[in-house]
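# here's my sequence, what's the structure:
(2 chains)
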2 protein chains.
Amino acid sequence: MSEVKRTDVNELGEFGLIDHLTERFNNVNASTLKGVGDDAAVIDTGGDDAILVSTDMLVEGIHFDLAYQPLKHLGYKAVIVNLSDIYAMNGHPEQITVSMALSNRFSVEAVEEMYEGIKLACELYGVDLVGGDTTSSNKGLILSVTAIGRAQKDKIAYRSGAKVGDVICITGDVGASFLGLQILEREKQIYMSSPEVQPDLEDQKYLIGRHLKPEARKDVIEMFAKNKLVPTSMIDISDGVASELFHICKQSNVGAYLEESGIPIHPDAEMQAVKFGLDPATCALSGGEDYELMFTIDPNDIDKIKYLPGIYIAGEITAKEDGVKLHTKGGNIHDLKAQGWKHF
Amino acid sequence: MSEVKRTDVNELGEFGLIDHLTERFNNVNASTLKGVGDDAAVIDTGGDDAILVSTDMLVEGIHFDLAYQPLKHLGYKAVIVNLSDIYAMNGHPEQITVSMALSNRFSVEAVEEMYEGIKLACELYGVDLVGGDTTSSNKGLILSVTAIGRAQKDKIAYRSGAKVGDVICITGDVGASFLGLQILEREKQIYMSSPEVQPDLEDQKYLIGRHLKPEARKDVIEMFAKNKLVPTSMIDISDGVASELFHICKQSNVGAYLEESGIPIHPDAEMQAVKFGLDPATCALSGGEDYELMFTIDPNDIDKIKYLPGIYIAGEITAKEDGVKLHTKGGNIHDLKAQGWKHF
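Below is the predicted model:
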């Protein structure tokens, strides 16, 4: 037998692997307006609307730890992360499917608890559960959620639409979810070595809440419609500001000039980062799972967002040749590093 | 701490658990024409067409065994089982998303092989890969595929449309996939105890092929359109004829009279069942994963299928009070037992 080549998936990383696997696929259906490569696929309905489809898989031990993630919150979050992808296209989610594989350590009552969270998210965001699959697993819990949404074709915000001179905006503070996770991981380690120590997490409520029970920015999309604003590009911040900005720049074929001072960081996150000996800006740039939106707008639209609460201007789109730069608070300008959360 | 109630998921079974978890969900969107409970969800586009969405999760060690399932065939099959659900609505699949979680024992080359199979299925069935998610798992391979299709709203075949007097039809032989699996399982046991024994599977090519690389009945749906036939109800045979007929009867609020002699069984399946000491009819009724279609038609439409090759008339829809009966080849009439493949 000849030697078989074996390349570790870590060599490519998640995005590299997806690119590699899907590059040889060709789309043949006219209804496929956008396939792989954005927050959601875009499918033509034949009318003014398009259907948006996004899917995410959550694996126990990789994406969540049931030692500190209550099942109800997990169900809620599994829905939210998918709705966020639909909002990131400037669309509205209307349906979800939920598939799960679970080992026999899960009781009906445990699954009910998770579905309580799924139901709560469906109710709050006005989404219908329309299908799924339920099966057993040999180990742990795996959730796969698909969100189906709708948008007017001419109002869809792709990652590829940013133009030189566009303003980069962020809808809320970032880095908090990452710091919440660090707190939970630390408490788990303490509990495992000294189970008698009672954790006091009261002061870190905001950070932990951002991690365990994030929200999706439905309100922002509604505000866009009300203010007749269509972002030139948009993405949700699931892997960190830096990683998402690289996606926009790559697909829009542009560069960016990011202002560190323009990146919103919650005071609790600022304080906690310092306690951990971490740079708050690095947490904001590379920490993931905040589910805020990053979008770009034409500078002529700046008046439409200037007086809106909670929209932060964080930089400007530049020419591709200028690269993706970070202007630090200290006054330095250097290349931005992408260090999103990679689950490989 | 008070005692917590713990119900094992096996007590409810897959369908019982889904019913239990989803019964408290209410649909709020007008675009949701059909939610949980059919082969696919049906979503209004606003025009004459509807979008169909179906999803399936395949777990290593539960749904497939890589000891005998080549990865290329697995990728192919994962797509096929989802397309089959769209055809079972009398629709045409146009897009799929593929999510996977894989442990570090899988190399890039192994994943490439699986995607070769996915690509082949996409090409043969004219379907576009439009998205997905890729992540690591702590153990094994998990695949979650969602198929998105399209159908004219007034031509969708639901499980709930069967009427008393309708004719029950099956599109091809059943039970072969189950017997193919039994052969593969036997060979695996032999290999594990005596690795030097070379298996001779040449004679069982048909049965093994039905299990490892099934096809979906795109041709049947095309034939329906050509012959202007709309089934009154339809379902794909993934869990066995008996289980699927029960789904139709339950949702259509009817009974059925199934003729054992009308259920198509391949000669190889017949022979292999006898070799295993199994009743061929039981294999056909309760063996799953054949991915043929079972449908009902108005008796006035009988001329439209009478001369079609490969459509088998297997019985008649009766009143609910008459129950679901099997008329055996031996001349006995007894209650049909549902024993689909349950992965719990």
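
# please count neighbours and contacts with C-alpha atoms only from this point.
Noted.

# and residue A:232, how many neighbours?
Residues near residue A:232, counting by other Cα atoms under 10 Å in any protein chain shown, number 22.

# swap in the one 4 residues further on?
Residues within reach of residue A:236, counting by other Cα under 10 Å, total 27.

# so who does it touch?
Residue A:236 makes contact with A:39, A:84, A:85, A:88, A:244, A:291, A:292, A:293, A:294 under the criterion Cα atoms under 8 Å, 6 or more residues apart in numbering or on different chains.

# for it, give me the backbone phi and psi.
Torsion angles at residue A:236 (phi, psi; degrees, to the nearest 10) stand at phi -90, psi 150.

# ok, now residue A:327?
Main-chain dihedrals, residue A:327, degrees, to the nearest 10: phi -100, psi 110.

# and it, bridged to which residues?
Assessed by DSSP bridges, residue A:327 has beta-bridge partners residue A:259, residue A:333.

# could you check how far it is from residue A:334?
Residue A:327 sits 7 Å away from residue A:334, going by Cα to Cα, to the nearest Å.

# likewise for residue A:65?
Relative to residue A:334, and taking Cα to Cα, residue A:65 is found at 36 Å.

# more crowded one of these two?
Neighbour count, other Cα under 10 Å: between residue A:65 and residue A:334, residue A:65 has more, with 16 against 13.

# so what's the nearest residue to residue A:299 once chain neighbours are set aside up against?
Distances taken as Cα to Cα, 6 or more residues apart in numbering or on different chains put residue A:166 closest to residue A:299, at 5.6 Å, once the chain neighbours are dropped. Applying Cα under 8 Å, 6+ apart to residue A:166 gives the contacts A:232, A:296, A:297, A:298, A:299, A:316, A:317.

# dump those residues to CSV, plus pLDDT, distance to residue B:71 and secondary structure.
Compiled in CSV, the contacts of residue A:166 are given as follows (pLDDT from 0 to 100; distance: Cα to Cα, whole Å; DSSP: H, G, I helix; E, B strand; the rest coil):
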residue, pLDDT, distance to residue B:71, secondary structure
A:232, 98, 41, coil
A:296, 98, 42, strand
A:297, 98, 45, strand
A:298, 98, 47, coil
A:299, 97, 51, helix
A:316, 98, 46, strand
A:317, 98, 44, strand
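
# ok, so of the residues you listed, who is nearest chain B?
residue A:232 (21.9 Å; Cα to the nearest Cα).

# tell me the confidence at residue A:1?
You'll see residue A:1 listed with a pLDDT of 44.

# buried ones from the contacts of residue A:166, can you make that a PyMOL selection?
Filtering these down to the buried ones (16 or more other Cα atoms under 10 Å in any protein chain shown) takes a single PyMOL command:
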select buried, chain A and resi 232+296+297+298+316+317
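
# what's around residue A:162, how many residues?
Here the number of neighbours of residue A:162 (other Cα under 10 Å) works out to 30.

# distance check, it against residue B:267.
62 Å.

# ditto for residue A:5
Distance from residue A:5 to residue B:267, by Cα to Cα: 42 Å.

# and if you look at residue A:186?
In terms of Cα to Cα, residue A:186 sits 63 Å off from residue B:267.
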